[in-house]
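J.: what follows is a predicted structure for the sequence shown.
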Amino acid sequence: MTEQTQPINMEAFRQEMRDQDLEELVDELIEAFLTDAPGRWDALEAAVESAEPEGVRAAAHAYKSAAATMRADGLAELLYRTEAAAREGDVAEPAVLLPDIRREHQAVLAQLQEG
């Protein structure tokens, strides 16, 4: 698997951290993401299942921010779409997107756990 086909663009993530003089935080950010992402996924899944737009919006927004920071661009995009739909009161679109979000979530975690 090449860098461009992986769910996280690690080189871009590392470069952004270098550009901000934060490169020493990369490992800590990865650990925090690995710790937090399962709970963020659970919160999103529960919110989508409850079909409550504000809950879906809030859960998608929180996870989107973390995914974007990690440069998990595909996951962040799906979460952005979920958040936008929920903001408009649409809970059907988030339910449709949930399997894709799950796959992307699992791929991101797998990549980070591989190191």
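T.: It's in.
J.: Thr82: what's it in contact with?
T.: Residues near Thr82 by C-beta atoms under 8 Å, 6 or more residues apart in numbering: 44, 48, 56, 60, 64, 93-94, 97, 101. Where C-beta positions appear, they are placed from N, C-alpha and C, glycine not excepted.
J.: tell me the one of those residues nearest Ala12?
T.: Lys64 (17.0 Å; C-beta to C-beta).
J.: helix or strand: which one has that closest one?
T.: Element membership for Lys64, per DSSP states H and E: helix 53-69.
J.: for Ser65, see how far away the residue nearest to Glu93 when sequence neighbours are not counted is.
T.: Once flanking residues are discounted, Glu93 sits nearest to Ala85: 3.8 Å by C-beta to C-beta, 6 or more residues apart in numbering. As defined by C-beta to C-beta, to the nearest Å, Ala85 lies at a distance of 17 Å from Ser65.
J.: so these two - more neighbours on which side?
T.: Ala85 (21 against 14; other C-beta atoms under 10 Å).
J.: circling back to that earlier point, state whether the residue nearest to Glu93 and Val96 are indeed in contact, as I suppose.
T.: No: using C-beta atoms under 8 Å, Ala85 is not in contact with Val96, being 9.0 Å away.
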